[in-house]
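Enquirer: Please find the sequence and the predicted model below.
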Amino acid sequence: VAFVVCRSLEGLKTFSYLEELILDNNLLGNDLLLPRLPHLHTLTLNKNQISFQRNTCKILLDHLAEVVPSLQYLSLLGNIACPNELVCQEKDEDDYQRYRYFVLHKLKNLKFLDTRKVTRREREEALIRGAFMKVVKPK
């Protein structure tokens, strides 16, 4: 397990066998670039600056799918990208579920997203509708 508090993740490339990485409470945004970590199965990015603005979260999720192919547990709680009614009163459970479908559409091997186990029904919905589930509220 590695605990990192920084803005640059340059040194991670030397830990190619890393399995768990906790990057909570940093200033990491959608421009996050991880080196290829083929054994990483757990990644937490809680309370960072990841958002769904201008398709950048899609790019981040595509990047994660490529560089961490063994990823099974991902947590994005406390980020703008993760709509949570406890953090933002404008968000509701439907917003959160659409977010889940979108993330699961991009990261098909996830078993857990945030604090919830991925269900078979969610996985099926993500395959069918996930690409269209980006959470966007009209201004």
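Expert: Here it is on my side, so go on. None of these values were measured; they are calculated from a predicted model.
Enquirer: Show me where the chain dips below the pLDDT cut-off.
Expert: The chain contains residues with pLDDT under 70 at 1-8, 54, 85-89, 131, 133-139.
Enquirer: Show me the helices in it, by range?
Expert: With helices called from DSSP state H, the chain shows them at 56-67, 93-106, 120-129.
Enquirer: What residues sit buried inside the last one?
Expert: Of the residues in helix 120-129, 122-123, 125-126 count as buried by neighbour count, 16 or more other Cβ atoms under 10 Å. For every residue, glycine as well, the C-beta is placed using N, CA and C.
Enquirer: again, but for the longest one
Expert: For helix 93-106, a neighbour-count test (16+ other Cβ under 10 Å) marks 95-96, 98-106 as buried.
Enquirer: Reformat these as JSON lines; add distance to Thr56.
Expert: Shown next, in JSON lines, are the buried residues of helix 93-106 (distance: Cβ to Cβ, whole Å):
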{"residue": "Asp95", "distance to Thr56": "18"}
{"residue": "Tyr96", "distance to Thr56": "20"}
{"residue": "Arg98", "distance to Thr56": "17"}
{"residue": "Tyr99", "distance to Thr56": "15"}
{"residue": "Arg100", "distance to Thr56": "19"}
{"residue": "Tyr101", "distance to Thr56": "18"}
{"residue": "Phe102", "distance to Thr56": "13"}
{"residue": "Val103", "distance to Thr56": "14"}
{"residue": "Leu104", "distance to Thr56": "19"}
{"residue": "His105", "distance to Thr56": "16"}
{"residue": "Lys106", "distance to Thr56": "13"}
